[in-house]
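Asks: Based on what follows, work out the 3D shape:
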Amino acid sequence: MITRFNRAVIGTVVCTVLSVAQIQAQTNQYRSDRILVKPSVSNMNTLNAQLGTRVLRSYPNIGNIQVIQLPDGMTVPQAIAQYQNSGQVAYAEPDYLVQATVTSPNDPKYTDGTLWGYRRARGLGQTNDSQQLDRRCD
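Replies: Reported below is the predicted structural model:
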């Protein structure tokens, strides 16, 4: 039996998945105070100290990508060049800004109600629940 809570959870999950799928990088806009690097060595403390940078966050589950905070006066292109020339990173890139561009899917089966499993997520076809699910996606 699907409860109101379960429908809310399913609706939230569906909306999140659909929104994440529509995220696109704005290639001309990035953070001016930090970059992303993927180290090719186990320890970059010396390089970070030389450049005056610091690691804000590491993501060990996705290749140990690191968010690097730049010091005042260092530009993103300068920092990328210095990290790439060091030979200690697989790559260095700007920390691009992203935004969700579309919150509703463009699948015609979604809009006509025949999308597989959608009726179940909507509460077995009750129109009130389908409207609630659509509102959760906005």
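
Asks: CA atoms for contacts and neighbours, from now on please.
Replies: Will do.

Asks: Tell me where this protein is predicted with low confidence.
Replies: Counting by pLDDT under 70, the chain has low-confidence residues at 1-27, 116-138.

Asks: Please identify the buried residues of stretch 50-67?
Replies: Taking 16 or more other Cα atoms under 10 Å as the neighbour-count basis, stretch 50-67 is seen to contain the buried residues 53-55, 58, 65-67.

Asks: Can you give me the domain boundaries for this protein?
Replies: What automatic domain parsing lists as the domains of the chain is 4-22+102-137, 26-98.

Asks: Strands of the protein, start to end?
Replies: If DSSP state E is used as the criterion, the strands of the chain fall at 23-39, 54-59, 65-69, 89-100.

Asks: out of those strands, which comes closest to residue 48?
Replies: With respect to residue 48, and counting by Cα to Cα, the nearest of these is strand 54-59 at 6.0 Å.

Asks: Show me the strands paired with that closest one, marking each as parallel or antiparallel.
Replies: Strand 54-59 has its sheet partners listed here by DSSP bridges as strand 65-69 (antiparallel).

Asks: Specify the angle between the partner strand and strand 89-100 in degrees.
Replies: 80 degrees (axes from the mean of the first three to the mean of the last three Cα atoms, to 10 degrees).

Asks: Convert the C-alpha atoms of strand 65-69 to CSV, please.
Replies: Included here for strand 65-69 are C-alpha records, laid out as CSV according to Å, rounded to 0.1, in the frame of the first residue of the first chain:
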residue,chain,number,x,y,z
ILE,A,65,39.1,15.5,-6.9
GLN,A,66,40.0,18.5,-4.8
VAL,A,67,38.5,22.0,-4.5
ILE,A,68,41.4,24.4,-4.2
GLN,A,69,41.0,27.9,-2.7
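
Asks: any chance of the strands of the chain in TSV, with distance to residue 47 too?
Replies: Formatted as TSV, the entries for those read as follows, by distance: least, Cα to Cα, whole Å:
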stretch	distance to residue 47
strand 23-39	11
strand 54-59	10
strand 65-69	12
strand 89-100	11
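
Asks: Of those, flag the one that's most buried.
Replies: Highest mean neighbour count among the strands of the chain (mean count of other Cα atoms under 10 Å): strand 65-69, with a mean of 20.

Asks: Would you map the helices across this protein?
Replies: Remark: helices assigned in the chain by DSSP state H are 4-21, 45-51, 76-86, 108-111, 118-121, 127-137.

Asks: Thanks again, I'm all set now.
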